[in-house]
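>>> based on what follows, work out the 3D shape:
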Amino acid sequence: MKIIVTGGAGFIGSHTVVDLLENGYKPIVIDDFRNSKPFIIDRIKKITNKDFISYNFDCGDIKKLNSVFLKEKPDAIIHFAADKAVNESVYNPLKYYHNNISTLVNVLSVVNKSKVKSFVFSSSCTVYGVPKKVPVSEFSPIQTAFSPYGFTKQIGEQILSDFVKSNPGISISLLRYFNPIGAHPSGLIGELPLGVPSNLVPFITQTAIGIRKSLIVHGNDYDTTDGTCIRDYIHVLDLARAHVLALNKSSTNNSAPLILNIGTGNGSSVLEVIESFKKVNKTNLNYTFGPRRDGDAPCVYANNELAKKVLGWEHKFSLEDALSHAWKWEKQLNKL
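Residues are numbered from 1 along each chain as shown. Have a look, this model is predicted:
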């Protein structure tokens, strides 16, 4: 089974490609490396001891997309290609509207002329905005998005909902994942922020190794147990597994997508993550408190019962596992 993975060299995409290769699929990666580096492709091959095809271009180039689809004749698509920094989207919304929405439309335009039977979309818990109660389930109301990034995911889901109505032969899954962290246990691939990290864990690891002087905790006056934001941190390998399992699942309603939350079902505060990192990796960490960051919701974590039921999926890795693997990746990366 041939699977095109857009953004397949990125953080979640690269781990999903590993899972695909290890389970007998034939992934075809499309990535322009705006959020990654070409060496990740070689690292995936080293981890799996398997070869695969990769293309280096922007999915905004519909001519190249058409060419690849005609040549490779994929059976399914896993669509990751998008910009993903919540805070950056607040200050540069047009970049997010252009890249995240037009890229999806381009891919679907090509899919519409192909024989693709399954489409898995990388959505996000940001579609819930600031939830009125937690944990959030797939039936929780969709609130006003707290950021342009979150709004692009809401729009993306609506586009796919409309698309499947006119293409009932295609199975579409929307995976609303929570906060991916960690790295491959080998330390060969992981999250690779280019510039100052926008996510918590790479900022922690870069501070611990000395790249950053201090971690800034954005806000300590939220209505939470310790005043810092609470999130559902899920190991990237668990998240990758869910994407691969979703390839062979479809909605019971052919005119609507399958929507699933992918999270652990547990919330951890920023300070809890910091203390856990220090304990599991036996290292110190300098941090200070700063103002709240635009676009951040106080508390979000998942009700994941539907994913367990539909996919037969369970998260296997703990928060401590993820933080240990992320630290191993950072130390290896610092040697390059």
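
>>> please make it C-alpha for all contacts and neighbour counts, starting now.
OK.

>>> number of nearby residues for the nearest residue to residue 265 once chain neighbours are set aside?
Distances taken as Cα to Cα, 6 or more residues apart in numbering put residue 302 closest to residue 265, at 4.7 Å, once the chain neighbours are dropped. Look at residue 302: counted by other Cα atoms under 10 Å, it has 24 neighbours.

>>> could you do residue 64 as well?
15.

>>> how about residue 24?
As a burial measure, residue 24 scores 10 neighbours (other Cα under 10 Å).

>>> report pLDDT for it.
Per-residue confidence for residue 24 comes out at a pLDDT of 97.

>>> could you do the one 10 residues further on as well?
According to the predicted model, the pLDDT of residue 34 comes to 91.

>>> got the contact list for the residue nearest to residue 265?
134-137, 178, 232, 261-266 (Cα atoms under 8 Å, 6 or more residues apart in numbering).

>>> low-confidence bits of the protein, can you list those?
Scanning the chain for pLDDT under 70 picks out 250-254, 336.

>>> quick one, helices of it?
Using DSSP state H, the helices of the chain run over 11-22, 39-48, 62-72, 86-91, 93-96, 103-111, 148-166, 200-209, 236-246, 270-281, 305-311, 319-333.

>>> in CSV, list those helices along with distance to residue 218.
Output for the helices of the chain, formatted as CSV (distance: least, Cα to Cα, whole Å):
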stretch, distance to residue 218
helix 11-22, 23
helix 39-48, 31
helix 62-72, 39
helix 86-91, 11
helix 93-96, 21
helix 103-111, 31
helix 148-166, 18
helix 200-209, 10
helix 236-246, 23
helix 270-281, 9
helix 305-311, 31
helix 319-333, 20
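
>>> on that earlier part again, tell me how far the residue nearest to residue 265 lies from residue 130.
13 Å (Cα to Cα, to the nearest Å).

>>> what's the closest non-adjacent residue to residue 310?
residue 249 (7.8 Å).

>>> against residue 147, how distant is the one you found?
Separation of residue 249 from residue 147 (Cα to Cα) stands at 30 Å.

>>> cool, and residue 248?
Taking Cα to Cα, one finds residue 248 at 32 Å from residue 147.

>>> OK, contacts around the closest residue in space to residue 290 that isn't next to it in sequence?
With sequence-adjacent residues excluded and distances taken as Cα to Cα, 6+ apart, residue 290 is closest to residue 218, at 4.9 Å. Applying Cα under 8 Å, 6+ apart to residue 218 gives the contacts 228, 289-293.

>>> circling back: most surrounded residue in the contacts of residue 302?
Neighbour max across these (other Cα under 10 Å) = residue 262, 33 neighbours.

>>> that one: what's it in contact with?
So residue 262 contacts 175-178, 239, 242, 302, 304, 307 (Cα under 8 Å, 6+ apart).

>>> that older thread, figure out which of the helices of the chain is closest to residue 224.
Among the helices of the chain, helix 270-281 comes nearest to residue 224, with 10.6 Å by Cα to Cα.

>>> residues in contact with the closest one?
200, 204, 217, 226, 228-231, 283-285, 320, 323-324, 327.

>>> what does stretch 197-208 give?
Contacts for stretch 197-208 (Cα under 8 Å, 6+ apart): 85-87, 181-182, 191-193, 196, 212-215, 270, 274, 283-286, 323, 326-327, 330.

>>> filter these down to the buried ones and express that as a ChimeraX selection.
Selection of buried members from the contacts of stretch 197-208 for ChimeraX, criterion 16 or more other Cα atoms under 10 Å:
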select :85,86,87,181,182,191,192,214,215,270,274,285,323,326,327,330
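
>>> ok so, going back, quick one, which of the helices of the chain gets closest to residue 29.
The nearest among the helices of the chain, by Cα to Cα, is helix 11-22 at 8.1 Å.

>>> other SSEs contacting the closest one?
Contact here means 3 or more Cα pairs under 8 Å, 6 or more residues apart in numbering; DSSP states H and E; on that basis helix 11-22 packs against strand 2-6, strand 26-30, helix 39-48, helix 236-246.

>>> any chance of a markdown table for the ones you listed, columns mean neighbour count?
What follows is the helices and strands packed on helix 11-22, written out as a markdown table (neighbours: other Cα atoms under 10 Å):
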| stretch | mean neighbour count |
| --- | --- |
| strand 2-6 | 24 |
| strand 26-30 | 23 |
| helix 39-48 | 16 |
| helix 236-246 | 23 |
